[in-house]
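*Asks:* Coordinates for the following, if possible.
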Amino acid sequence: MSSRRVVVTGVGLVSPVGIGAEASWKALLAGQSGVGPITRFDCSTYPTRIAGEVKGFEPGDFMDRKEARRNDRFIQFALAAAEMAMKDSGLDMSREDADRVGCIVGAGIGGLGTIEDTARTWAEKGVRKISPFFIPSLIINLAPGQISIRYGMKGPNFSPVSACATGNHSIGDALLYIERGLADVIVAGGCEATITPLGIGGFCAARAMSERNDAPEKASRPFDRDRDGFVAGEGAGILVLEELEHARARGARIYAELCGYGASADANHVTSPAPEGEGGQRAMRMALRFAGLAPEAVGYVNTHGTSTPQGDVAECQAINKVFGAHAQARGGLVVSSTKSMTGHLLGAAGGAEAVISILALVNGVVPPTINVEAQDPECQLDVVPNVARQKKLDVVMSNSFGFGGTNAVLIFKRV
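*Replies:* Numbers count the residues shown, from 1 in each chain. This next block holds a predicted model:
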């Protein structure tokens, strides 16, 4: 394996619990839910009428009005999170070799809102009223494309698309590019904005979402016996990743080292996980091998933990298989699902949860899984129920598993 090590020097986050990593982190530690009634469209006839919307987001805080108008909300989120991450990193593009700086940011679905709005315009007013910005506003690779244009990044530029594993695949692929010497810096993560009539309607039709409309803040309840499905969210999570010596040479503040990456397929079913989370097990083991770490080195796993009946059990079984006695030992492994507060950010989940995992590592605090009122006996792990917990951490893992049976796992450690 290459000797080039990869570190995180900047983080940016737009989430249902806050705009910015600091605001989001504070809310997560307080156990605050970002889930509420859907306000972006009339969903009064829908079985699910709740979601984790990003509140108070003003595109004008991050781009001019014309740029905002030409970009779908998922690209707006990506630009905002990238700006925060770039500022946080202190990276000065005028001092960088632009060919060695890339951007890998994905989404699970892309510009669904733009497609819906344009279909309506076409049906009502005809083909001549379709905007010339229709296609560039909806295609997923315009998220990293717009970021690269803004900052003049001329290195690798593309979008992994792997449903809810997208953010982790983006960050993991960035690790490989830097490790192999194909880039020195890559801005990487995920974004999503599919709280739209068709987006929510489609997940309702799949019977995948919680219908706890009368108590939105309690609807996302991973590992709880009474969970009834996931809650859709939106947002973006972006990291600035750098080769270690490059970061040190410019005096960058280093959050953590990205030291492990695993990816696998269940090859089992479109939406259901493989028995005992077998595909997830292989991705976790691959990430540990990549990092050269024993399972006992990991102190915290930020789980995929979506609050679906099948998925939560399969992931807990997988973690128990991979970590063995360490998963059950007092003072051993702890896990939590921050989706209990943010909802499921789909293609943005991995990016957002990478930021959260890094903040847990740096601050020595594990965010809780809220709404655990009666833990499912089939989810036998310490899920840090309801209250954040101080714990010194040296290594953390973040899991993301997506429709199609795609799995991606990241490991971060102290430098």
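*Asks:* By mean pLDDT, flag the weakest helix or strand of the protein.
*Replies:* Sorting the helices and strands of the chain by mean pLDDT, DSSP states H and E puts helix 65-69 at the bottom, at a mean of 94.
*Asks:* would you put the C-alpha positions of that helix in CSV?
*Replies:* The C-alpha coordinates for helix 65-69 follow below in CSV (Å, rounded to 0.1, in the frame of the first residue of the first chain):
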residue,chain,number,x,y,z
ARG,A,65,-29.2,35.3,-7.0
LYS,A,66,-28.6,34.3,-10.7
GLU,A,67,-26.4,31.3,-9.6
ALA,A,68,-29.0,30.2,-7.1
ARG,A,69,-31.8,30.3,-9.7
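*Asks:* Please name the nearest non-neighbouring residue to Pro156.
*Replies:* Excluding the flanking residues, the one nearest Pro156 by CB to CB, 6 or more residues apart in numbering is Gly102, at 3.8 Å. Yep, even glycine has a C-beta here, placed from its N, CA and C like the rest.
*Asks:* Would you pull up how far the helix or strand that the one you found is a member of lies from the middle of the chain?
*Replies:* Using DSSP states H and E, Gly102 sits within strand 101-106. Taking CA atoms, centre = their mean, to the nearest Å, the mean C-alpha location of strand 101-106 is offset from the chain mean by 15 Å.
*Asks:* mind listing what it pairs with, with the direction of each?
*Replies:* Looking at strand 101-106 with DSSP bridges, its partner strands are strand 157-158 (parallel), strand 185-192 (parallel).
*Asks:* Helix, strand or coil: sort out Leu241 for me.
*Replies:* Counting by DSSP: H, G, I helix; E, B strand; the rest coil, the backbone at Leu241 sits in strand.
*Asks:* Look up how far Ser337 lies from it.
*Replies:* Counting by CB to CB, to the nearest Å, the gap from Leu241 to Ser337 is 25 Å.
*Asks:* Which residue of the two possesses the greater neighbour count?
*Replies:* Taking neighbours as other CB atoms under 10 Å, Leu241 and Ser337 compare with Ser337 leading, 31 against 27.
*Asks:* and the more buried one, what does it touch?
*Replies:* Ser337 makes contacts with Pro222, Phe223, Asn302, Thr303, His304, Gly305, Thr306, Ser307, Thr369, Val383, as judged by CB atoms under 8 Å, 6 or more residues apart in numbering.
*Asks:* any chance of the residues you listed in JSON lines, plus neighbour count, distance to Gly280 and secondary structure?
*Replies:* Output for these, formatted as JSON lines (neighbours: other CB atoms under 10 Å; distance: CB to CB, whole Å; DSSP: H, G, I helix; E, B strand; the rest coil):
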{"residue": "Pro222", "neighbour count": "30", "distance to Gly280": "15", "secondary structure": "coil"}
{"residue": "Phe223", "neighbour count": "28", "distance to Gly280": "15", "secondary structure": "coil"}
{"residue": "Asn302", "neighbour count": "28", "distance to Gly280": "13", "secondary structure": "strand"}
{"residue": "Thr303", "neighbour count": "30", "distance to Gly280": "10", "secondary structure": "coil"}
{"residue": "His304", "neighbour count": "32", "distance to Gly280": "8", "secondary structure": "coil"}
{"residue": "Gly305", "neighbour count": "29", "distance to Gly280": "12", "secondary structure": "coil"}
{"residue": "Thr306", "neighbour count": "26", "distance to Gly280": "12", "secondary structure": "coil"}
{"residue": "Ser307", "neighbour count": "26", "distance to Gly280": "16", "secondary structure": "coil"}
{"residue": "Thr369", "neighbour count": "32", "distance to Gly280": "18", "secondary structure": "strand"}
{"residue": "Val383", "neighbour count": "24", "distance to Gly280": "16", "secondary structure": "coil"}
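*Asks:* which one of those residues is nearest Ser162?
*Replies:* For those, the residue nearest Ser162 by CB to CB is His304; the value is 12.7 Å.
*Asks:* is it true that the closest one touches Gly311?
*Replies:* Yes - with contact defined as CB atoms under 8 Å, His304 counts as touching Gly311 (7.0 Å).
*Asks:* tell me, what's touching the two both at once?
*Replies:* Each of Phe401 lies in contact with both His304 and Gly311 under the rule CB under 8 Å, 6+ apart.
*Asks:* Minimum distance to Leu359: which of the strands paired with strand 101-106 has it?
*Replies:* That would be strand 185-192 among the strands paired with strand 101-106, by CB to CB, at 14.4 Å.
*Asks:* Neighbours of Ala249, how many?
*Replies:* The burial count for Ala249: 11, using other CB under 10 Å.
*Asks:* Oops, could you answer that again for Arg225 instead?
*Replies:* So Arg225, with other CB under 10 Å, has 14 neighbours.
*Asks:* Where does the record place the domain boundaries for this protein?
*Replies:* Following the assignment in automatic domain parsing, the chain carries domains at 7-249, 261-413.
*Asks:* now those as JSON lines including distance to Tyr255?
*Replies:* Listed next are the domains of the chain as JSON lines, based on distance: least, CB to CB, whole Å:
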{"stretch": "domain 7-249", "distance to Tyr255": "4"}
{"stretch": "domain 261-413", "distance to Tyr255": "5"}
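*Asks:* Understood, closing this out.
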